[in-house]
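Chemist: Sequence and predicted structure are below.
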Amino acid sequence: MATTAADIKALREQTGAGMLDVKKALDEAEGDRAKAIEILRVKGLKGVTKREGRSASNGLVAARVENGVGTLVEVNCETDFVAKSAPFQKVADVVMETAVRTGAADAATLLAADVDGKSLQTVLDEANATIGEKIEVRRVARLEGAHVGSYLHRTSPDLPAQIGVLVALDSEALDTARDVAMHIAALSPIHLHRDEVSEDTVANERRIAEETAREEGKPEQALSRIVEGRVNGYFKDNVLLEQAFAKDPKRSVQQVLADSGVTVTSFARFRVGA
């Protein structure tokens, strides 16, 4: 039975496997789609170890908030074609369900969790076999708070969310939580408070600021003021509460929170591959 382009397209959509692999499997199975899927799985399982060293820099970020607990996961694959495929997104759903059910807060714990009598890692290995790409869980975050907000952002309309944010507040404020989550997605802060920045990082920023000022020929008597200004600039770029608010740059995030009567207690931000 001759393999048609429609057969190849249908099986690719069903499995997420590559075009050449799908054609070979259908040819070997003489057009039997169920048998072709088995062939893809068998050949895929043989290649799982070969894929371990390959880069999985595409994928998606998913978020869920239930009863004051937010869960954020990043699930990776190798290509954007697979990232937007139904089989990969079904795997991501299993990852999220498992993370929520187990309360796992790190990837190692999540991968060891039981899914119908086998580990989540085994589930991923089986998906690797069928889809033909390396699939992995890179990161997991779990936040608790009086109110947890979330935001997912698509960097391309034909791809699943590539950026995900959770933000925990000390009291409920739906609009503020979403606005701050969107701000975090856009401006990617590293720290919540200034005092979370390590002493080594601050010392390095001071050193760079001083060396730069001297290279620019700034007067000696002005160096201290210039260095302090540039270190404060680092804080304003990287500390959430000190950043200029994305929707109103005349106010800091701290001012926006104060006006709403709430406090951010923690946040998490994932960008696929970053």
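Modeler: It's in. Residues are numbered from 1 along each chain as shown.
Chemist: Pull out the buried residues from stretch 199-212.
Modeler: 205, 209, 210 (16 or more other Cβ atoms under 10 Å). (Glycine included, C-beta is placed from N, CA and C.)
Chemist: swap that for stretch 95-112, sorry
Modeler: 95, 96, 98, 99, 100, 102, 104, 107, 110, 111.
Chemist: So the fifth one lies in a helix, does it not?
Modeler: Yes: Residue 100 sits within a helix when classified using DSSP: H, G, I helix; E, B strand; the rest coil.
Chemist: hang on, it packs against residue 71?
Modeler: Yes: the pair residue 100 and residue 71 passes the contact test of Cβ atoms under 8 Å, sitting 5.2 Å apart.
Chemist: Closest one to residue 246 out of the buried residues of stretch 199-212, please.
Modeler: Within the buried residues of stretch 199-212, the smallest distance to residue 246 is 23.3 Å, found for residue 205 (Cβ to Cβ).
Chemist: Can you show me the helices along the stretch 51-200 of the chain?
Modeler: 80-83, 86-102, 107-112, 120-131, 174-187, 199-215 (DSSP state H, counting those that start in this stretch).
Chemist: Quick one, which of those gets closest to residue 3.
Modeler: helix 120-131 (18.5 Å).
Chemist: Now render the buried residues of stretch 199-212 as JSON lines, adding pLDDT and distance to residue 128.
Modeler: Listed next are those as JSON lines, based on pLDDT from 0 to 100; distance: Cβ to Cβ, whole Å:
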{"residue": "205", "pLDDT": "90", "distance to residue 128": "42"}
{"residue": "209", "pLDDT": "86", "distance to residue 128": "47"}
{"residue": "210", "pLDDT": "88", "distance to residue 128": "51"}
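Chemist: any chance of these in CSV, plus distance to residue 152?
Modeler: Listed next are the buried residues of stretch 199-212 as CSV, based on distance: Cβ to Cβ, whole Å:
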residue, distance to residue 152
205, 32
209, 36
210, 41
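Chemist: on that earlier part again, pLDDT and distance to residue 61 added to the buried residues of stretch 95-112, as CSV?
Modeler: Listed next are the buried residues of stretch 95-112 as CSV, based on pLDDT from 0 to 100; distance: Cβ to Cβ, whole Å:
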residue, pLDDT, distance to residue 61
95, 97, 11
96, 97, 10
98, 97, 16
99, 97, 12
100, 97, 15
102, 95, 19
104, 95, 16
107, 93, 14
110, 96, 15
111, 94, 17
